[in-house]
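*Asks:* no FASTA, just this:
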């Protein structure tokens with residue numbers, strides 16, 4: 001776990017100036033992890049293994065109308081694109097809690113229950129490991 005601090009950001013609220021400090025926690029997730037079914041067997045799509053990387057990239061790059069993606073600003077789409085590029089490198093990738101939240105939200109809408117459950121298991125297990 002690594003902390004990143006951004007100093008020097010100020011906000012003016014009700015004629016008072018406040019210095020805002022942000023701390024981001026980074027987690028390393030192995031995006032080459034294979035997804036498992038309820039019995040612990042590897043999930044497959046035909047003969048192709050389902051791996052976390054492909055599911056995450058597919059959900060980040062998809063235009064999901066229920067999310068209002070057609071109305072999204074370019075900055076939001078670029079953020080998703082940059083995260084997908086980072087994940088595409090494979091292996092262990094450093095991501096923020098905000099990145100994980102975005103992935104979970106998108107996967108939750110784009111895929112069925114078994115895929116969502118398997119992805120959440122992988123991402124939530126990593127969070128549990130950080131708490132220990």
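*Replies:* Received the coordinates, thanks. All values derive from a computational prediction rather than experimental measurement.
*Asks:* what does stretch 73-88 rub up against?
*Replies:* 31, 53, 56-57, 60-61, 69, 93, 95, 99, 102-103, 106 (Cβ atoms under 8 Å, 6 or more residues apart in numbering). Every C-beta, even on glycine, is put in place using the N, C-alpha and C of the backbone.
*Asks:* make it 7 Å
*Replies:* Contact partners of stretch 73-88, identified using Cβ atoms under 7 Å, 6 or more residues apart in numbering, comprise 31, 53, 56-57, 60-61, 93, 99, 102.
*Asks:* next one: stretch 29-39
*Replies:* 42-43, 49-53, 55-56, 87, 90-93, 95, 114-115, 118-119, 122-123, 126.
*Asks:* Kindly recompute the last result at 6 Å.
*Replies:* 42-43, 49-53, 87, 90-93, 95, 118, 122, 126 (Cβ atoms under 6 Å, 6 or more residues apart in numbering).
*Asks:* Mind checking which of these are in strands?
*Replies:* 49, 92-93, 95 (DSSP state E).
*Asks:* Would you map the strands across the protein?
*Replies:* 2-13, 16-30, 44-45, 48-49, 92-96.
*Asks:* Select from the contacts of stretch 29-39 the entry with the lowest predicted confidence.
*Replies:* Least confident entry in the contacts of stretch 29-39, by pLDDT: residue 126, with 55.
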